[in-house]
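Undergrad: structure for the following, please:
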Amino acid sequence: MEKQECFIGTAGWGIPTRHKEDFPQPGSHLERYAKRFPIVEIDTSFYKPHRRETYERWANSVPEHFRFAVKTPKAMTHEHRLVDCDALAEMFLQQVEGLGEKLGVLLVQLPPSLPFEPDIAGGFFDMLSKRTKARLACEPRHPSWFEAAAETLLAGRQIARVAADPAPVPAAAVPGGWSGLAYFRWHGVPRVYYSDYDAGSLDRIGRQVQETAASGAEVWGIFDNTAEGHALGNALKADAMVAKTSSFQGEARSEAVKTLE
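TA: I've put the predicted structure just below:
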């Protein structure tokens, strides 16, 4: 059986005062965060560029195993709507590649008004894939992206389709596209970016990511309900649940091996 890889983190690395005791000190928020979680999503890059030196500084602040996901700029997705993005991509990648080997995923979030058009989508993702070694995850929100043609295009180009909560259409609740990477984004329900996830919801989330990891996918799970600081607490609980389940499964496998011996 292949090793299951299931990583939990948040969008950004701010540490609310109520959680300060959950993270080792001293250090910057990123340094402390990275001692507790293996991944983080940078979404400020969607709104504004960061200098390459800034990305380099962030990369030097975290352990070797730590990985970043970075959201592509809205100039590409929302303003140019995936068309004529070569120069924008070159500039963005020159900056973000300051993360070096710690750049794990580029997240492409599309506007709800952008329908799936195969020539435009294929051209954009081919252009981006040729310029970076980072894996790509796409979070579409128009219903046409959840039909067979879009699924085939994403899977064929090894692009993961994000599983989002809340889901704009039922199919968006589960990962799609390339099966090698499953990328979850929990935005908060019922109030997006604000709502806390209760114990029942976190249990559901924990089971879903474990089942997905068992299928062989590498799982990234990001809590994006950051507006009132709930993301970090939810991530801590979900991460503990996943770790406990993985530990139990590991012990069970060890016992099974001993029995066979």
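
Undergrad: mind checking the SS state of the nearest residue to residue 73 once chain neighbours are set aside?
TA: Spatial nearest neighbour of residue 73, chain neighbours left out: residue 92 (5.7 Å); criterion: CB to CB, 6 or more residues apart in numbering. Using the backbone N, CA and C atoms, a C-beta is placed for each residue, glycine as well. Here residue 92 is recorded as helix under DSSP: H, G, I helix; E, B strand; the rest coil.

Undergrad: where does the stretch 151-261 of the chain have low pLDDT?
TA: Where the stretch 151-261 of the chain drops to pLDDT under 70, the residues are 245-261.

Undergrad: ok, now with 50
TA: 248-261 (pLDDT under 50).

Undergrad: all the strands of it, residue numbers only.
TA: Under the criterion DSSP state E, counting those that start in this stretch, strands of the stretch 151-261 of the chain are mapped to 159-161, 163-165, 176-177, 181-186, 218-223.

Undergrad: okay, those in CSV with distance to residue 73 and mean neighbour count next?
TA: Listed next are the strands of the stretch 151-261 of the chain as CSV, based on distance: least, CB to CB, whole Å; neighbours: other CB atoms under 10 Å:
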stretch, distance to residue 73, mean neighbour count
strand 159-161, 18, 24
strand 163-165, 20, 22
strand 176-177, 21, 24
strand 181-186, 18, 24
strand 218-223, 18, 26
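
Undergrad: now these as TSV including distance to residue 10?
TA: What follows is those, written out as TSV (distance: least, CB to CB, whole Å):
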stretch	distance to residue 10
strand 159-161	19
strand 163-165	14
strand 176-177	23
strand 181-186	10
strand 218-223	5
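
Undergrad: residues contacting residue 172?
TA: Applying CB atoms under 8 Å, 6 or more residues apart in numbering to residue 172 gives the contacts 140, 141, 146, 162, 163, 164.

Undergrad: would you map the helices across the stretch 101-250 of the chain?
TA: 118-131, 148-156, 199-214, 230-260 (DSSP state H, counting those that start in this stretch).

Undergrad: now render those as TSV, adding distance to residue 190 and mean neighbour count.
TA: Below are these laid out as TSV (distance: least, CB to CB, whole Å; neighbours: other CB under 10 Å):
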stretch	distance to residue 190	mean neighbour count
helix 118-131	31	15
helix 148-156	27	15
helix 199-214	11	17
helix 230-260	13	15
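
Undergrad: in a markdown table: those helices, plus distance to residue 188.
TA: Below are the helices of the stretch 101-250 of the chain laid out as a markdown table (distance: least, CB to CB, whole Å):
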| stretch | distance to residue 188 |
| --- | --- |
| helix 118-131 | 28 |
| helix 148-156 | 25 |
| helix 199-214 | 10 |
| helix 230-260 | 7 |
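
Undergrad: and residue 66, which of the ones you listed is closest to it?
TA: When those are compared by CB to CB, helix 230-260 sits nearest residue 66, at 14.1 Å.

Undergrad: and the gap between the residue lying closest to residue 215 once chain neighbours are set aside and residue 106?
TA: Using CB to CB, 6+ apart and skipping the chain neighbours, the partner closest in space to residue 215 is residue 179 (7.3 Å). In this structure, residue 179 lies at 18 Å from residue 106, with CB to CB, to the nearest Å as the measure.

Undergrad: more neighbours, those two?
TA: residue 106 (24 against 14; other CB atoms under 10 Å).
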